[in-house]
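Colleague: Sequence first, then the predicted structure:
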Amino acid sequence: MSMADKPDNSTTDSLECSDALHYHYLVRNDRRAAYSDIICRSLVNYPKERRSDEGNAAAPTRPCDNLVPITGSFFVLGDTPDDSHWISPNAMQKELGYMHEIGMDTIVITTGIGDKVCYPSSVLRHAAKSDLLDMLLRQAGSLGMSVFVGLPSLLVDWMIATDEELDRVCSTTRQLAAELAANYGGHKSFHGWYLSYELCNVFIENRSDPRILPAWIGRLRTICKDVAPDKPVMIAPYFTSTMPLERFEALWDMVMDQTKVDILAMQDGVGIYGGDRLAEVDAHFSILRKLCDRRMVSLWADLEIFQQISGIPFDQKPWSAIPASVDRLTEQIMALSCHVRKIVMFCFSSYMSPAASQSASMLFDAYKSEWNLRHG
């Protein structure tokens, strides 16, 4: 790592694994330092003045007449979901009803980490307390909603895994995809696959050959297509603005060649970086749109509807966030709409559901009012 790439925040320089890092306890003790280092580097953005010095000054957001509404959300499921207020049948029906009420038609779910998944799996030898995946697919189908089913994330520190470990993930994923297709493929709402390993330029360039991780994602995509050729495959990567735009374009050009996915749902990063990232959206997403159009890939935005208040890259406290303001949400939609075909959020159940908190309910009401004003 060059001096130009070093984080400015001293917290990230001295980080040890703590609750500030998601799922750190699932990483082997002898790899936790390397895991901490690469995760911290993947969450560092240049300050504005350093971006200009590197020839990467962001272009202003262009006005967009045709705003793209938010029409979907990620949901974090697992053996113990992050949000418990909506996992009973009645509560889930109400939750999806809220989404449907404001024009949302798409759900992207993560089904779990390791062997702790939200459905019974003979492959993982896991007897779930309840089949949340079946419940979600049934209720989404009753509302005419589409679901992208995330394959379980089998390795937390996949970005520093050996080639042999990556091979084993592919082998188990093939069995999991076949099991999911056999047990849930009959649901009309099962629309596509989501690969939950979030690529980042820092992870990619950390390998001796930057094609290794994108090519591995490409292998997982092929597994999904072998099992269900008609279902689109989605990834939701993220990026730092620590590289000139020309290098950004070359890297993601290579990534798309290697992964061959159908949908690229790039995280906008605004929930972490705020106004700095808003100023960067136009330049970076215009490049991504060009790369996607060249390959007939659908470019989506994974819009962060939260405002992070603790955790990496700010401090070593447990990660926490609050719902974004409706003004900032509007700015995000305006910045993204010129470039993307669809906007999904992360995530409704935590930061916009009326059942989550008072501030989330206020954001729901404000967005609903805006939606009705523009589209009602």
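Modeller: Done, it's in.

Colleague: list the buried ones in stretch 104-113?
Modeller: Neighbour counts using 16 or more other C-beta atoms under 10 Å place Met104, Thr106, Ile107, Val108, Ile109, Thr110, Thr111, Gly112, Ile113 of stretch 104-113 among the buried residues. Every residue, glycine included, has its C-beta placed from N, CA and C.

Colleague: just curious, which of those residues is nearest to Glu280?
Modeller: Nearest to Glu280, judged by C-beta to C-beta, of those is Val108 at 23.6 Å.

Colleague: Would you enumerate the residues in contact with that closest one?
Modeller: Residues counted as contacts of Val108 (C-beta atoms under 8 Å, 6 or more residues apart in numbering) are Gly72, Ser73, Phe74, Phe75, Val147, Phe148, Gly150, Tyr194, Met234, Ala236, Ala265, Val344.

Colleague: Now these in a markdown table, please, with extra columns for neighbour count.
Modeller: Shown next, in a markdown table, are the contacts of Val108 (neighbours: other C-beta atoms under 10 Å):
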| residue | neighbour count |
| --- | --- |
| Gly72 | 25 |
| Ser73 | 26 |
| Phe74 | 24 |
| Phe75 | 28 |
| Val147 | 25 |
| Phe148 | 24 |
| Gly150 | 26 |
| Tyr194 | 23 |
| Met234 | 25 |
| Ala236 | 25 |
| Ala265 | 25 |
| Val344 | 25 |
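
Colleague: From those, which land in strands?
Modeller: Gly72, Ser73, Phe74, Phe75, Val147, Phe148, Gly150, Tyr194, Met234, Ala265, Val344 (DSSP state E).

Colleague: could the residues you listed go into CSV alongside pLDDT and distance to Gln139?
Modeller: Putting those into CSV (pLDDT from 0 to 100; distance: C-beta to C-beta, whole Å) gives the following:
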residue, pLDDT, distance to Gln139
Gly72, 98, 15
Ser73, 98, 14
Phe74, 97, 17
Phe75, 93, 12
Val147, 98, 10
Phe148, 98, 15
Gly150, 98, 17
Tyr194, 98, 18
Met234, 98, 21
Ala265, 98, 23
Val344, 98, 18
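
Colleague: so after the one helix or strand Val108 maps to, what's the next helix or strand?
Modeller: In this structure, Val108 is located in strand 106-110 according to DSSP states H and E. Remark: after strand 106-110, the chain's next helix or strand is strand 112-113, criterion DSSP H and E.

Colleague: Show the subsequent helix or strand relative to the helix or strand bottoming out on mean pLDDT in the chain.
Modeller: Of the helices and strands making up the chain, the lowest-confidence element is helix 10-13, at a mean of 39, by mean pLDDT, DSSP states H and E. Downstream of helix 10-13, the first helix or strand assigned by DSSP H and E is helix 32-41.
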